[in-house]
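Q: Dropping the sequence and predicted coords here.
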Amino acid sequence: MNESAVLAIVLSLASAAGYALAAVGQSRLASANAGGSILTLLARPQWWWAVGLNAGGALMHVAALHYGPLTLVQPLGALTLVAALPIGAYYERRRVSRREWRGAAWTLAGLTGLIAVTGPATPGDALSLRESLAVAAATVALIGVTARAGAARGGLGHATASGVASGVASALTQTVTASLARELPGGPLAWWQTTLIAALVATFAVGGLLLSQAAFRGGLAAPLAVVNLANPAAAAVIGVALLGERFHGGPLGWLTAAAASAVAARGVLMLTGAQPAAAVVPSPRAPERARVQEPAHTPESAGAPESARIPDAALVPQPVLAPESAVASA
């Protein structure tokens, strides 16, 4: 194995670790910020740590592709799920269950099968401006549909939308880089056209990040698996539909892709069933406050000096009430 391949492996593993740490951080933030707004997240340093880790993971992934082939780098990038499981379990102070490991193994096997039959785009295979705008419009509509199911099945709708947004951002990035390198079939785009597509890249990248944050409210493993599957799936659909790419192996490649998709879907279902329920701390319910009859003031007490009067609260045993915060949470 040459030095370039070793460097590609190291960078791929570092990228997977960065993505895994970011996913765990987002999951913990989602649990702590349930029902909170995006502005609340922006005010928390942990959110920016997660953003930085995602950006670092992306840069290391790009660097790994510079030193190694896609067939080596992409399967190693799928190890994000394997790395996130023990890290998340460590913070939750529990062990990774056997069902979670099996689900991760099935998901990784399916994802690796999809990557194996998906060919990388050759130089010049990039979307035109018209195709980029059409893909962006279709993606917005698709995200709107899938995000509506975000609360169902542990946020898998949001996870699907996040993966699609990230995959489309990658495809549009390819158009920007090809235009800047003057490798587009029709020649480089005008500066405002390149800027427009770059703005779409930023929009989908940020949207994918926010959608994944919403998805992690339903847990970590299953949403992360769906994000990792939807991302290359969206890129593959764009490649096959618009860039003339085909699965390796002809009809056998299509069958392999279908079988890999089924294997990955089984893994996601296993992870969904193995997802530990969020720890529900039973809020103590205070007993219904009984009305305490205030004792009638007798003439003697009425005529007694103010300092000699016995306080009404001292005449009746007071129930021990739960703190106001507990009553509010109940």
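A: Arrived safely. None of these values were measured; they are calculated from a predicted model.
Q: contacting residues around A104?
A: Taking CB atoms under 8 Å, 6 or more residues apart in numbering as the contact definition, A104 lies against L81, V82, L85, A221, A225, G267, L271. Placement of C-beta: from N, CA and C, glycine included.
Q: Now with 7 Å, please.
A: L81, V82, L85, G267, L271 (CB atoms under 7 Å, 6 or more residues apart in numbering).
Q: can you check G56 too?
A: Per CB under 7 Å, 6+ apart, neighbours of G56: G18.
Q: quick one: low-confidence ranges for the stretch 1-150 of the chain?
A: Applying pLDDT under 70 to the stretch 1-150 of the chain picks out residues 1, 34-37, 69-71, 119-125, 149-150.
Q: ok, the contacts of A104 vs L11, which is closest?
A: Closest approach between the contacts of A104 and L11, by CB to CB: V82, at 17.1 Å.
Q: State the number of residues packed around that closest one.
A: By other CB atoms under 10 Å, the residues close to V82 number 16.
Q: Which strand or helix spans it?
A: Mapping V82 onto the secondary structure by DSSP states H and E places it in helix 80-91.
Q: next one: A260
A: Under the assignment here (DSSP H and E), A260 is part of helix 251-274.
Q: contacts for stretch 208-219?
A: With CB under 7 Å, 6+ apart, stretch 208-219 has contacts from 26-27, 30, 34, 38, 41, 51, 54, 147, 150, 154-155, 158-159, 161-162, 165-166, 169, 223, 227, 275.
Q: what about burial for those, which qualify?
A: Buried residues within those, counting neighbours by 16 or more other CB atoms under 10 Å: 26-27, 30, 41, 51, 54, 147, 150, 154-155, 158-159, 161-162, 165-166, 169, 223, 227, 275.
Q: Take these and keep only those in helices.
A: If you go by DSSP state H, those have 26-27, 30, 41, 51, 54, 147, 158-159, 161-162, 165-166, 169, 223, 227 in helices.
Q: Of these, which is the nearest to T195?
A: A169 (15.6 Å).
Q: residue contacts, that closest one?
A: A169 touches V201, F204, A205, G208, counting by CB under 7 Å, 6+ apart.
Q: Output stretch 48-55 as CSV, restricted to C-alpha atoms.
A: Only the C-alpha atoms of stretch 48-55 are listed here, as CSV (Å, rounded to 0.1, in the frame of the first residue of the first chain):
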residue,chain,number,x,y,z
TRP,A,48,-21.0,25.9,16.9
TRP,A,49,-18.7,23.1,18.0
ALA,A,50,-21.0,20.7,16.0
VAL,A,51,-21.0,23.0,13.0
GLY,A,52,-17.2,23.2,13.2
LEU,A,53,-16.9,19.4,13.4
ASN,A,54,-19.1,18.9,10.4
ALA,A,55,-17.1,21.4,8.4
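Q: Quick one: residues in contact with that stretch.
A: By CB under 7 Å, 6+ apart, the residues outside stretch 48-55 that reach it are G18, Y19, L21, A22, G25, Q26, L29, L209.
Q: What about those, which one has the most neighbours?
A: The most crowded member of the contacts of stretch 48-55 is Q26, carrying 29 neighbours; neighbours defined as other CB under 10 Å.
Q: Please compute how far the helix or strand V240 falls within lies from its chain's middle.
A: Per DSSP H and E: V240 is located in helix 221-242. How far helix 221-242 lies from its chain's middle: 13 Å, per CA atoms, centre = their mean, to the nearest Å.
Q: Which positions in that helix come out as buried?
A: 221-236, 238-240, 242.
Q: which residues are contacting stretch 252-261?
A: For stretch 252-261, using CB under 7 Å, 6+ apart, the contacting residues are G110, G113, L114, V117, F247, G249.
Q: The same query, at a cut-off of 6 Å, please.
A: G110, G113, L114, V117, F247 (CB atoms under 6 Å, 6 or more residues apart in numbering).
Q: Show me this structure divided up by domain.
A: Following automatic domain parsing, one finds the domains of the chain at 3-274, 283-330.
Q: Could you say which of those domains is packed most deeply?
A: domain 3-274 (a mean of 19; mean count of other CB atoms under 10 Å).
Q: on that earlier part again, kindly reformat the contacts of A104 as TSV containing distance to L65.
A: Compiled in TSV, those are given as follows (distance: CB to CB, whole Å):
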residue	distance to L65
L81	20
V82	20
L85	25
G267	25
L271	27
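Q: which of those lies closest to R99?
A: Nearest member of the contacts of A104 to R99, counting by CB to CB, is L271, at 8.1 Å.
Q: Just to be sure, P75 is in a helix?
A: Yes. When classified by DSSP: H, G, I helix; E, B strand; the rest coil, P75 is found to be part of a helix.
Q: What helix or strand is the nearest residue to it once chain neighbours are set aside located in?
A: Leaving aside its chain neighbours, P75 sits nearest to T112 (4.9 Å; criterion: CB to CB, 6 or more residues apart in numbering). For T112, the enclosing helix or strand under DSSP H and E is helix 98-117.
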